[in-house]
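J.: Here is my input; please provide its structure:
(one chain, ligands or ions: 3)
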Amino acid sequence: MINKNKLWKTHNNLSLEERMEIVKKGPIPSHVAIIMDGNGRWARKRALPRIAGHHEGMKTVRKITRLANRLGVKALTLYAFSTENWKRPKKEVDYLMKLPQEFLETFLPELVEENVKVQMMGNQQQLPSYTVDAIKKAINDTKQNNGLILNFALNYGSRAEIMEAVHHVLEDIRNGVMNEKLLNEETFSRYLMTKQLPDPDLLIRTSGEIRLSNFMLWQLAYTELWFTDTLWPDFSEHHFLEAVESYQKRSRRFGGLG
Ligand code: IPE
Ligand code: IPE
Ligand code: MG
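T.: Ligands and ions are numbered 1, 2, ... in the order given. The predicted structure follows:
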């Protein structure tokens, strides 16, 4: 006979709730960023079209958002579409552009209820109007919330972000809005798309790729990095807790002696 209780106890014989309570006693990363990778390979392993992997990945987004919120994470940035992902076949890009709408139609009421505040970073101009409208509605409907910030990086590329910031700084200097003498790391950061967010404390990338793929190059300067071979649709609450546990064991020195 299958012992149901045993199925729940996957790590050191702890249930998710028990493991969470222990993790909550340690330092919780304020800002977690995730490169959600491996949807296509998840689908291929099952002889399904790549978009089936993206659909499944959406469920992981919901699960991990809920957990991050319960843990007391302040901001969760999710890399959903890069400026380089336009190179993919049109059919796949079209599907990815419809995902925010689909995700929010299903989950927005829960996000509102759970005090999650939706934000987005990335170039909106190139996105179809239905994608932007769905995100704008979510941002608007959750703007009074003050729980977890759920920040979608959509049509986001770090180099494009930095270039745009440089142009903006130059323009402000030309117009006398900004004084060149005041330009430093702190003031420059305010020109980035993450201006209201602290730098990530923890970066997670799934699917076994050990690279940043043009994600938050400025902001990740002192972030703790955690990689897993698990594909995004298979990424569970236990994996997230494992990443946070690993974070809790690290000694962050920021160049000093700790
Ligand atoms: C991540 O999964 C989702 C996006 C990049 C939009 P992929 O689609 O990159 O999946 P793999 O890497 O091909 O398995
Ligand atoms: C990074 O994944 C972008 C997102 C997760 C949205 P990719 O699958 O696009 O990255 P590469 O091409 O393997 O570097
Ligand atoms: Mg990929």
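J.: Provide the contact partners of the host helix or strand of Arg159 at residue level.
T.: Assessed by DSSP states H and E, Arg159 sits inside helix 158-174. Contacts to helix 158-174, defined as Cβ atoms under 8 Å, 6 or more residues apart in numbering, come from residues 83, 121, 123, 178-180, 183, 188, 191-193, 212, 214-218. To be clear about C-beta, it is placed using only N, CA and C from the backbone, and glycine gets the same treatment.
J.: In contact with the nearest residue to Pro100 once chain neighbours are set aside, which residues are there?
T.: Spatial nearest neighbour of Pro100, chain neighbours left out: Ala134 (4.8 Å); criterion: Cβ to Cβ, 6 or more residues apart in numbering. The contact partners of Ala134, by Cβ under 8 Å, 6+ apart, come to 100-101, 104-105.
J.: give me that answer again for 6 Å
T.: 100-101, 104 (Cβ atoms under 6 Å, 6 or more residues apart in numbering).
J.: Could you report the separation of it from ligand 1?
T.: With distances taken as Cβ to the nearest ligand atom, to the nearest Å, Ala134 is found 16 Å from ligand 1.
J.: Just give me the longest helix of this protein.
T.: helix 90-113 (DSSP state H).
J.: Mean confidence (pLDDT) on it, please.
T.: Helix 90-113 shows a mean pLDDT of 97.
J.: Provide the contact partners of the helix or strand that that helix is followed by at residue level.
T.: The first helix or strand that comes after helix 90-113 along the chain, using DSSP H and E, is strand 117-121. With contact meaning Cβ under 6 Å, 6+ apart, strand 117-121 is reached by 135, 138-139, 142, 145, 149-154, 156, 193.
J.: and the residue in the stretch 151-258 of the chain that ligand 2 sits nearest to, which of the three is it?
T.: Ligand 2 sits closest to Ser213 of the stretch 151-258 of the chain, with a gap of 3.6 Å, by Cβ to the nearest ligand atom. Here Ser213 is coil, with the state taken from DSSP: H, G, I helix; E, B strand; the rest coil.
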